[in-house]
Every structure is written in C-alpha cells, then in structure tokens.
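Peer 1: here is my input; please provide its structure:
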Amino acid sequence: MIGFSFYLDQTLDDETLRYFKSMKNYGFSEVFTSAHIPEKDPQKYLQAFDKLITTVNSLNLKLVINIDKPSLHILHNRLNDADIVLRLDDSFSCDDIVALSKQTTVALNAGTIDDADITELKKSDIDFHTLEAWYNYYPHPDTGLDLTWLAQKNRWLHKLGFKTQAFVAGNKPYRGPLMEGLPTLERHRRTSPFISAVELDKLNTDGIVIGDSYLNIDLRKSFNAYFIDGYIPLHISDIKIGTPSYLFTKVFHNRKDPARDVIRLTESREMNHRNIGPTNNIERVFGSVTIDNRNYGNYMGEIQIVCRHLPASQNVNVLGTIIKSDLKLLSYIDSGSAFKITRIHNQF
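Peer 2: As a prediction, the model looks like this:
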C-alpha cells in the first residue's frame, strides 16, 4: 500500500487535482492529512476538509486522518460517507479506541504503543483486525527513528496482528515550517524517497506514505514499478556499442542461488543468439553491467551487474554502468528478485 499527503493549509485547485489523479494512476491509493482544526475560526479548515473529502471520494481513494479529540468532535458528522482511517493521537483513551473501531479502521501510534496498551486493549475484547499501527514522521532533524529499532518494533507489531505504516520524505520544497523533510527514519531525511521506501518495504513495513506534499513524475514511475508491477527499476549510462537491445525490453530476475560478487540475469544466456567476441575488457567497477564473451564458453551471453570492484577479464565485456543514484538499490536485489534496466534519456 502506498500513499501521499495533502494538508488542509494547501490549496486544492485544478493543478492539485491533476496531481491527485496522477498519483492514483501510478498506484497510490491513500491520502494522508492532518486535521487539527483550530477552535477559533475553523471555517476555512472545514471548507478545505469538505473539498478534500469530495475529491478523495470522486477518485475512490482512502483518506487517512491524523486527528485529536477536539477536531474529531468538530468533524464527526463529515466522516460518514468516506473511506477513512482515523490515526489517533495520544489523547484518546482505550474506551475511545474501542468505540471508534466499531465504526471505522483506527490507526494507533506505532512508535509509542507498548505491552501495557496491548494488555488494556485485549481486556476490552477489541477486534484487532480493525486496528493499524502508524509511525510518526519527524520534521525536526536528528529526531527520526533508528532503523534497527523500527525493524524490531515492526516484528513485535506484526506478531500482534497489526499492519504497519511509515513515512518517507518527498521532493523539495519540503513542508514548512522547518522544511527539512518528513521521514519516519532519520537516515531517510536526505535519501531518495524511492530508495527509502524500498528499504522500509524490506523491513516488512506494510505501507509507505510520502510525508511531504509533492513527488516528481520520475519517482512516481519508480514507485509504480516496484510496488505495483513488482520489479526494481534500474537505469544505465555509458552504454557501449554492441549492447543487446533485449537488455532494455524485459524484466529480469537474479538467480535464486545468488552470487556474492555479481547479480546474474537468469534469463540472459538463453536470449543471446550471437557469437560475442572480446571487447571493452576493462576493470569492472561497482555497478558495471557486463556480458560474458565466447572466451567463457557455455557462459557466453550471461549478463551480470557487478556488486563489488572486480579486475578486467578477457572473458567479460563491459556494456555500461548503473547510474550512481541507483547503486544503493543493488543491495536490495535478493534471491529471485525482479528488476528492469532502462537507458537514461541521453543515451542512443
């Protein structure tokens, strides 16, 4: 499950509506908002909320509302006809949670829920299928969560039956007032939103939401490739003449018995019908894409992606290099993982 954010102090105009439609077309199915309605002069926020409800309903999107008790009291009559999740702050009691869970899905704070909370919820005989666990995002630099801690918390929450959700930063301009990004993990504050999302997925986080207000079109495509179509998109540069065209037309898979030093494209040998002579037998750097030539006998035509520096070999031709911003993705290509290699735009 992937989602994006829209906040009530933003303008929901035609451009924003086009963005909503684009995100939906690329597989995003949830919209996150924070509905802390000021008690003085709430009308502006109520109008914005009504417009948001109408928009998400028209696009068949789920709305996730981060909410406190006073705002819920103001908004409760507006929530009847929408597909919503209420992400509750810490002001709600166990009795409140039980009552709300009978009406809609309720998301608790994944970062703060503990054994005592679980014991109290179990005593109330609540249906845990109506609950989710959402981590916070952290606007203040240096205050985001640690990766190891989140991995351990995910395991604990999953054993209890919770689905978990976390945030990654979006593209600049980041949301104010601090404008430092809105990630759950501190290590993701300056990392590509897509790489951050893949890492959270590998930590068995069930859903990822863009915390900031914008994600560019290239990243939307990457999210769609991975979370909807099921493969990691990689981009290659410095492509050499003689690179087979089929390298860019197929989703490949790493072998199920993965090598230490390289990613072996399982399907590549059977796709080769050429007698490949040695050429461009240069040092293989991290990210090099190579093909075995006829000097390797039956291995001729096997394409590999290099995961550590290897020396030049008269048996191996270098075809190009995975671009720098994609190199971290190579560590997430496991046994049998699917991926697709695409030329960057300035290549022939």
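
Peer 1: burial of residue 297, as a residue count?
Peer 2: Per other Cβ atoms under 10 Å, the neighbour tally for residue 297 reads 8. (Glycine included, C-beta is placed from N, CA and C.)

Peer 1: actually, residue 275.
Peer 2: Residue 275: 9 neighbours (other Cβ under 10 Å).

Peer 1: and it, what does it touch?
Peer 2: 294, 300 (Cβ atoms under 8 Å, 6 or more residues apart in numbering).

Peer 1: host element of it?
Peer 2: Taking DSSP states H and E as the definition, one finds residue 275 inside no helix or strand.

Peer 1: per-residue pLDDT, it?
Peer 2: pLDDT for residue 275: 97.

Peer 1: report the separation between it and residue 244.
Peer 2: Plainly put, residue 275 is 13 Å away from residue 244 if you go by Cβ to Cβ, to the nearest Å.

Peer 1: what's the burial count for the closest residue to residue 271 other than its chain neighbours?
Peer 2: Leaving aside its chain neighbours, residue 271 sits nearest to residue 246 (5.2 Å; criterion: Cβ to Cβ, 6 or more residues apart in numbering). Counted with other Cβ under 10 Å, residues neighbouring residue 246 total 14.

Peer 1: what helices or strands is the host helix or strand of residue 66 leaning on?
Peer 2: Per DSSP H and E, residue 66 falls inside strand 62-67. Identification of packing neighbours for strand 62-67 by 3 or more Cβ pairs under 8 Å, 6 or more residues apart in numbering; DSSP states H and E yields strand 30-35, helix 43-58, strand 84-88.

Peer 1: just the C-alpha atoms of the following helix or strand past it, please, in CSV.
Peer 2: Going down the chain from strand 62-67, the next helix or strand is helix 69-75, by DSSP H and E. The C-alpha coordinates for helix 69-75 follow below in CSV (Å, rounded to 0.1, in the frame of the first residue of the first chain):
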residue,chain,number,x,y,z
LYS,A,69,-10.3,14.6,20.2
PRO,A,70,-11.5,18.3,19.7
SER,A,71,-11.1,18.0,15.9
LEU,A,72,-12.9,14.7,15.8
HIS,A,73,-15.8,16.3,17.7
ILE,A,74,-16.0,19.1,15.1
LEU,A,75,-15.6,16.7,12.1
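
Peer 1: neighbouring contacts of helix 69-75?
Peer 2: Outside helix 69-75, the residues within contact range by Cβ under 8 Å, 6+ apart are 35-37, 39, 42, 46, 49, 65, 67, 86, 91-92, 96.

Peer 1: can you tell me how far the nearest residue to residue 184 once chain neighbours are set aside is from residue 180?
Peer 2: Once flanking residues are discounted, residue 184 sits nearest to residue 166: 4.0 Å by Cβ to Cβ, 6+ apart. Distance of residue 166 to residue 180, given as Cβ to Cβ: 17 Å.
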